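Visitor: generate a structure from the sequence data that follows.
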Amino acid sequence: MANPKTMSRTQEPARKPPPAAAPAAAAAPPAPAQAAASNMMMELKVTGHFMALPAGLFCIVNEPAAPAAQNFGLPGVRLSPPPNGARNVEISGFRPDGWLSATGDAALVRVTNGPAQILVTIYQLPNQPDSAPKLQVRQLLVGADAPAAAQAAAAAPPGAGPQAAGPAPAPVKADVVAHIQTRGDVGAKFGDWLGERGSENWVEGFAIVAPKGVSPADLSYQALLGRNWLSPWVEAGQFCGSRGVALPLLGLRIRLQGKAAEHYDLTCSAAFIDGTSTGPVGNDAICESDTLAPLEALQVSLTPKVRKTGRAKR
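Guide: All right, here's what the predicted structure looks like:
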């Protein structure tokens, strides 16, 4: 017979131990695409500054830095008008992309109603305290002169100059193009004069097209902006100087190198608004007036070298 005490108790089922916690999953390695993207990106140090300038015309130069060629041209600088007050500031760079690299690039800034602020944005490599740019600001014209020169250019009648009279000449492929005060862009062939002597309309910028068979890198040029002060070198096909800021060039310098120098002779002549002239000067020589008068007309000649093929006499 069963024990009553034993019968009054209910037998509880055995409890199962709680399941063991699953081991923490190890962090998944980054996907190959993510790793490649992280290696492709480089974080730069970017800072913005306001620079106050009085009325006038200025040239801002990013002075050359030795490691710039290995550092993508950094430290780089960009100039821009401020969000408000931009109507008082005009900026014209010597490079079409607007950058001022640490290879001596420059930009022109005209302030018509000063003082005015311009925004200077600096791009530097990280963890390099010595990579700050060395900016140089040079005033070219005082406040009263810069607007007057610009207004004189704007007030000139459209098409002023000798090309306005008579039927338009047949279009020709220009080897040299210059931006001339009151006239705009004018072109000429090698060996022809570009600009009107005696007109007192100065040249504000120019470009030279490399002839067939000449690499643009072998034909470069500079603009003379002041005494012993030249713009950065630009390659053939690029504009050197300014448009619309009423800054005259005081001369120019043209350089042939490489195979171009082996096959061509280069000469340059120039006339200036004070009646003086200079040239022809040869390769890599500065074509300027002793008086530093603004450039009025120029002549660039590029002629193939004559090779002597005759036999030597016995």
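Visitor: what about the strands in the stretch 101-250 of the chain?
Guide: Taking DSSP state E, counting those that start in this stretch, the strands of the stretch 101-250 of the chain run over residues 106-111, 116-124, 135-142, 176-180, 184-188, 193-194, 203-208, 219-226, 229-230, 234-235, 240-241.
Visitor: could you dump the first one to CSV, C-alpha only?
Guide: The one in question is strand 106-111. What follows is strand 106-111, C-alpha atoms only, in CSV (Å, rounded to 0.1, in the frame of the first residue of the first chain):
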residue,chain,number,x,y,z
ALA,A,106,48.5,85.0,-58.0
ALA,A,107,45.1,86.7,-58.3
LEU,A,108,43.9,90.3,-58.8
VAL,A,109,41.4,91.9,-56.5
ARG,A,110,39.7,95.2,-57.2
VAL,A,111,37.7,96.9,-54.4
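Visitor: ok, back up a step: and the strands of the stretch 101-250 of the chain, which is most packed in?
Guide: Burial of those is given as mean neighbour count (mean count of other Cβ atoms under 10 Å); strand 203-208 ranks first at a mean of 25. For the C-beta atoms, the positions are set from N, CA and C on the backbone; glycine is no exception.
Visitor: so what's the nearest residue to residue 230 once chain neighbours are set aside up against?
Guide: Excluding its sequence neighbours, the residue lying closest to residue 230 (Cβ to Cβ, 6 or more residues apart in numbering) is residue 222, at 4.4 Å. Applying Cβ atoms under 8 Å, 6 or more residues apart in numbering to residue 222 gives the contacts 230-234, 240, 252-253.
Visitor: closest to residue 102 among those?
Guide: residue 232 (11.3 Å; Cβ to Cβ).
Visitor: what about that closest one, distance to residue 83?
Guide: For residue 232, the distance to residue 83 (Cβ to Cβ, to the nearest Å) stands at 29 Å.
Visitor: higher neighbour count, those two?
Guide: Using other Cβ atoms under 10 Å as the criterion, residue 232 and residue 83 rank with residue 232 on top: 19 against 7.
Visitor: isn't that one right up against residue 106?
Guide: Yes: between residue 232 and residue 106 there is a contact under Cβ atoms under 8 Å: 6.4 Å.
Visitor: between these two, what contacts are shared?
Guide: Common neighbours of residue 232 and residue 106 (Cβ under 8 Å, 6+ apart) are residue 94.
Visitor: can you give me the helices for the stretch 151-300 of the chain?
Guide: Per DSSP state H, counting those that start in this stretch, the stretch 151-300 of the chain carries helices over the ranges 259-263.
Visitor: low-confidence regions, it specifically.
Guide: Low-confidence segments of the stretch 151-300 of the chain (pLDDT under 70): 151-172, 243-246.
Visitor: try 80
Guide: Scanning the stretch 151-300 of the chain for pLDDT under 80 picks out 151-173, 226-228, 242-247.
Visitor: quick check, nearest of the contacts of residue 222 to residue 74?
Guide: Using Cβ to Cβ, residue 232 comes nearest to residue 74 of these, at 16.2 Å.
Visitor: now for that closest one: which residues touch it?
Guide: When contacts are counted by Cβ under 8 Å, 6+ apart, residue 232 touches 94, 103-106, 222.
Visitor: 10 Å - rerun?
Guide: Going by Cβ atoms under 10 Å, 6 or more residues apart in numbering, residue 232 touches 61-62, 64, 94-95, 100-101, 103-106, 220, 222-223, 240.
Visitor: ok so, going back, so what's the residue nearest to residue 230 bridging to?
Guide: With DSSP bridges as the criterion, residue 222 is bridged to residue 253.
Visitor: tally of neighbours for the closest residue to residue 114 other than its chain neighbours?
Guide: Closest residue in space to residue 114, ignoring its immediate chain neighbours: residue 55 at 3.5 Å, by Cβ to Cβ, 6+ apart. For residue 55, the count of nearby residues is 19 (other Cβ under 10 Å).
Visitor: distance of residue 55 relative to residue 250?
Guide: Residue 55 is 22 Å from residue 250, by Cβ to Cβ.
Visitor: now do residue 234
Guide: From residue 234 to residue 250 the distance is 17 Å (Cβ to Cβ).
Visitor: on the three-state scheme, residue 69 is what?
Guide: Here residue 69 is recorded as helix under DSSP: H, G, I helix; E, B strand; the rest coil.
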